[in-house]
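**Student:** Curious how this folds, go ahead:
(one chain, ligands or ions: 3)
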Amino acid sequence: MEIQVVQGDITTIQTEALCLGIFRGVRAPGGAAGAVDRALGGALSALLQEGDFEGEKGETLVLRTDQKMPAKRVLLIGLGEREKFSLEGVREASATAAHAASRFRELTTIVHGAGIGSLPTDAAAQAVVEGTLLGSYRFRKYRQGDEDSKALERLQIVESDREKLSAIKAGAERGQLIGESVCLARDLANEPGASLPPRELAERAGMLARESKLECRVLTEEELAAEGMSGILGVARGSEEPPCLIVLEHLPQKKTQAPIVLIGKGVTFDSGGISIKPREGMEAMKYDMAGAAAVLGTMRAAAALGLPLHVIGLVPAVENLPSGRALKPGDILRYANGKTVEVTNTDAEGRLILADALIYAQHFHPRAVIDLATLTGACMVALGKEAAGLFGNNRDLLEKLKEAAQMTGERVWELPLYEEYKKLIQSEVADIGNSVLAKGSTPQAGAAAGAIFLQEFVSYPWAHLDIAGTAQNVDTRAYCPAKGATGYGVRLLTQLLLHDARQELASKS
Ligand code: BES
Ligand code: MN
Ligand code: ZN
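**Tutor:** Ligands and ions are numbered 1, 2, ... in the order given. Coordinates of the predicted model:
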């Protein structure tokens, strides 16, 4: 999408549709809406006074200007209550506008919230662009005739105040880079299992590295064996597709602190293996690499934003299928750190491959490690689609993630890692088991059991995000597709990195 920021008076701008946000209960519009109302001879205030438009969140109305203004139409978007308005409201309003204006192909907007909403100008502009890009996203690749389906092609942001222009431009550019990176993550996660096996995911990572000036290395099956990565190799055994470990690296121009390592679960399809899943809904297991997609998207954003940080992305990529060679319940894996794991359930494969990546991360002497994984159905039971489960061993890192969640609307909810949960991964024959459930007993703390397993392989500040619920089919946000991948994690992690980079810069000056 083409995005432009221009200085000018909205009543003199030529456009297919001019988007204005209206708070709930407003009867006499001020600011930009007030200027448009005067140009239209009071048509807006008449509408508002007679209750034709309430300003409810998600409400839209198209008004023709009948040549009273160069803009052909005015598109009203309800912003809801002014007291509750936030950057999330800006993203939602902009996504709603993008839906409503898709048939016009081109849209002009003001920065919602920067005036009366009193949000920071650059952050509000960023949110406008993010909301527009994410709200216009469609996965069209496999739909006949959808190549020329209606979609917004151009967004123009107008601001009358010259003083605000540079902040809006900076925010809009950030919004575009980040929004496009989320769309990359969505594209990857939406791809069916057959067209994105581990080697193709690695191929895409290589393409991304070339385009974004990232370093990329892919460890092959032989190299995985040499590293002793028995989790990845074990899970991959049932599949015809060879596994790999993708390593992406963003190096700042000047060498800075120790790296931050991001790890994404890359199970390109999860059938459950020999502990096979029921048939209903199994197609959704193509999203089991959403963590990997989020890491690739974040690496793209880190490079595009030129962050002065050393960031490494690790993606263990594998397909989980049953076959005559597949991993069997009862099998025991020995990891590079000597730890042995009894595989009691081949469907708890995510933790098996993440363990290898967590051990491997140690090579980089990381400052912090964050993993993202569609790890447990239990996390979705606990939190639904509204937040990712957050676990970790470092208060500072956890609080920084919560702060980034607040800024981005990509919610996290901290869950405990009590010592007592260790009994959920006890084994009689190995050091630990991957999923221990006594016969006939009801499952307990499934998300925490996954996290406490991962903690066994960690020796640095670490956080784990269980994104099983948030990664796909979120119908409660205008900028998320009700069906398909959300790209959850890219904005959250990029915000964390941006914040960290600002501190880095601040500590130097
Ligand atoms: N990929 C699944 C988790 C999942 C389930 C993600 C539903 C998104 C939606 C994971 O590999 C899995 O199968 N987990 C098991 C763990 C259990 C065997 C301990 C689960 O949640 O049932
Ligand atoms: Mn599984
Ligand atoms: Zn899985």
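**Student:** where exactly do the helices run in the stretch 51-200 of the chain?
**Tutor:** With DSSP state H, counting those that start in this stretch as the criterion, the stretch 51-200 of the chain has helices at 87-100, 121-136, 165-190, 198-212.
**Student:** tell me the most buried of those helices?
**Tutor:** With neighbours taken as mean count of other C-beta atoms under 10 Å, the helices of the stretch 51-200 of the chain reach their highest mean count in helix 121-136, at a mean of 27. (Each C-beta comes from the backbone N, C-alpha and C, glycine too.)
**Student:** can you tell me which strand in this structure is longest?
**Tutor:** Counting residues, the longest strand found in the chain (DSSP state E) is strand 311-320.
**Student:** Packing partners of it?
**Tutor:** helix 198-212, helix 230-236, strand 244-250, strand 260-264, strand 266-270, helix 290-304, helix 350-361 (3 or more C-beta pairs under 8 Å, 6 or more residues apart in numbering; DSSP states H and E).
**Student:** what packs against the fourth one?
**Tutor:** Using 3+ C-beta pairs under 8 Å, 6+ apart as the contact criterion, the secondary-structure elements in contact with strand 260-264 are helix 290-304, strand 311-320, helix 350-361, strand 368-373, helix 490-508.
**Student:** Quickly note the distance from the closest residue to ligand 3 within the chain to residue 347.
**Tutor:** For the chain, the residue closest to ligand 3 is residue 270, as judged by C-beta to the ion, at 3.7 Å. Distance from residue 270 to residue 347, counting by C-beta to C-beta, to the nearest Å: 7 Å.
**Student:** so what sits against both of these two?
**Tutor:** Here residue 270 and residue 347 have 277, 320 as joint contacts, going by C-beta atoms under 8 Å, 6 or more residues apart in numbering.
**Student:** Have a look at the two and say which one is more surrounded.
**Tutor:** The neighbour count for residue 270 versus residue 347, taken as other C-beta atoms under 10 Å, is higher for residue 270 (25 against 20).
**Student:** quick one, helices of the stretch 351-500 of the chain?
**Tutor:** Listed in chain order, the helices of the stretch 351-500 of the chain (DSSP H, counting those that start in this stretch) span 377-383, 395-408, 446-455, 490-508.
**Student:** And the ones you listed: which comes nearest residue 105?
**Tutor:** Comparing those against residue 105 with C-beta to C-beta, the closest turns out to be helix 490-508 (25.9 Å).
**Student:** Tell me the buried residues in that closest one?
**Tutor:** Using 16 or more other C-beta atoms under 10 Å as the burial criterion, the residues of helix 490-508 that qualify are 490, 491, 492, 493, 494, 495, 496, 497, 498, 500, 501, 504.
**Student:** Turn the residues you listed into a markdown table, columns for pLDDT and distance to residue 327.
**Tutor:** Shown next, in a markdown table, are the buried residues of helix 490-508 (pLDDT from 0 to 100; distance: C-beta to C-beta, whole Å):
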| residue | pLDDT | distance to residue 327 |
| --- | --- | --- |
| 490 | 99 | 31 |
| 491 | 99 | 35 |
| 492 | 99 | 32 |
| 493 | 99 | 31 |
| 494 | 98 | 35 |
| 495 | 98 | 37 |
| 496 | 98 | 34 |
| 497 | 98 | 35 |
| 498 | 98 | 40 |
| 500 | 96 | 38 |
| 501 | 94 | 41 |
| 504 | 76 | 43 |
